[in-house]
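Next comes the sequence, and after it the predicted model I'd like to discuss.
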Amino acid sequence: MSITVGIIMGSQSDWPTMKNAATILDELGIAYETKIVSAHRTPDRLWEYGKTAVERGLKVIIAGAGGAAHLPGMMASKTRVPVVGVPVQTKALSGVDSLYSILQMPKGYPVATMAIGAAGAANAGLMAAGILATSDDALAARLDKWRADLSASIPQEPTDD
Ligand SMILES: Nc1c(C(=O)O)ncn1[C@@H]1O[C@H](COP(=O)(O)O)[C@@H](O)[C@H]1O
């Protein structure tokens with residue numbers, strides 16, 4: 001199974017958040033790679049990753065970062081592979097800094113920006129799956145089942161427990 005999704009993050013400290021994207025991809029049988037790539041700390045690594053993304057067969061890049069979260073936008077500048085951005089929650093500003101840093105891209109270089117934190121990372125995995133499912137019927141069927149299973153797990157009425 002070829003790797004079609006790259007999960008990249010600015011720091012090892014982002015992994016507890018970003019592994020929520022990986023879990024979704026595991027559940028849906030999508031092959032992915034995980035890398036620490038920082039626009040600030042490892043700019044050459046970012047450049048190389050973006051430059052080779054198309055030729056390596058990546059179809060979606062999920063990029064998570066916190067604070068001055070320039071990684072997703074810089075990756076979107078370097079490759080036409082769609083970038084799904086995950087704002088990692090921060091202590092000082094609760095992740096609003098990350099959100100705004102990722103969201104407000106200039107025209108021409110979009111980043112599909114998710115919600116802050118773990119749910120946003122999980123949704124990034126689902127967004128990647130949805131993109132890939134447009135040209136993969138078997139994955140589309142798995143994604144439909146995943147969504148139906150989630151829907152079925154929601155109780156009709158609240159309980160006190
Ligand atoms: N926002 C970025 C970038 C970047 O955007 O290139 N590189 C690292 N970081 C962020 O710095 C935070 C603190 O990192 P450390 O925990 O390593 O100090 C992380 O959330 C990371 O994503």
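That came through, no problem.

Give me the neighbour count for D149.
D149 has 10 neighbouring residues, counting by other C-beta atoms under 10 Å. C-beta coordinates here come from the backbone N, C-alpha and C atoms, glycine included.

now G50
So G50, with other C-beta under 10 Å, has 23 neighbours.

same thing with E55?
7.

swap in the one 3 residues further on?
A count of neighbours around L58, defined by other C-beta under 10 Å, yields 21.

For it, which three-state class applies?
coil (DSSP: H, G, I helix; E, B strand; the rest coil).

ok, residues contacting the one helix or strand Y100 maps to?
Secondary structure from DSSP states H and E places Y100 in helix 96-103. Outside helix 96-103, the residues within contact range by C-beta atoms under 8 Å, 6 or more residues apart in numbering are 65-70, 72-73, 85-90, 111, 113, 116.

Now intersect those with the helices, please.
Secondary structure from DSSP state H places P72, G73 of the contacts of helix 96-103 in helices.

if we look at the ligand, which of the contacts of helix 96-103 are close to it?
A65, G66, G67, A68, A69, H70, V88 (C-beta under 6 Å from any ligand atom).

which among those residues end up buried?
A65, G66, G67, A69, H70, V88 (16 or more other C-beta atoms under 10 Å).

taking those residues one by one, which sit in strands?
When DSSP state E is applied, these are split such that A65, G66, V88 fall in strands.

Let me know the closest of those residues to N20.
V88 (11.0 Å; C-beta to C-beta).

Does that closest one touch G66 like I think?
Yes - counting by C-beta atoms under 8 Å, G66 is a contact partner of V88 at 3.5 Å.

Quickly list what's touching both of these two.
G10, D14, G95, S98.

Including distance to M127 and pLDDT, could those go into a markdown table?
Compiled in a markdown table, the shared contacts of V88 and G66 are given as follows (distance: C-beta to C-beta, whole Å; pLDDT from 0 to 100):
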| residue | distance to M127 | pLDDT |
| --- | --- | --- |
| G10 | 19 | 98 |
| D14 | 18 | 98 |
| G95 | 18 | 98 |
| S98 | 17 | 98 |
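
neighbour-wise, which of these leads?
Among the shared contacts of V88 and G66, S98 has more neighbours than the rest - 29 neighbours, counting by other C-beta under 10 Å.

Now that one: closest residue in space that isn't a chain neighbour?
Using C-beta to C-beta, 6 or more residues apart in numbering and skipping residues adjacent in sequence, the residue nearest S98 is P87, 3.5 Å away.

Tell me how many other residues crowd the one you found.
The number of residues near P87, taken as other C-beta under 10 Å, comes to 28.
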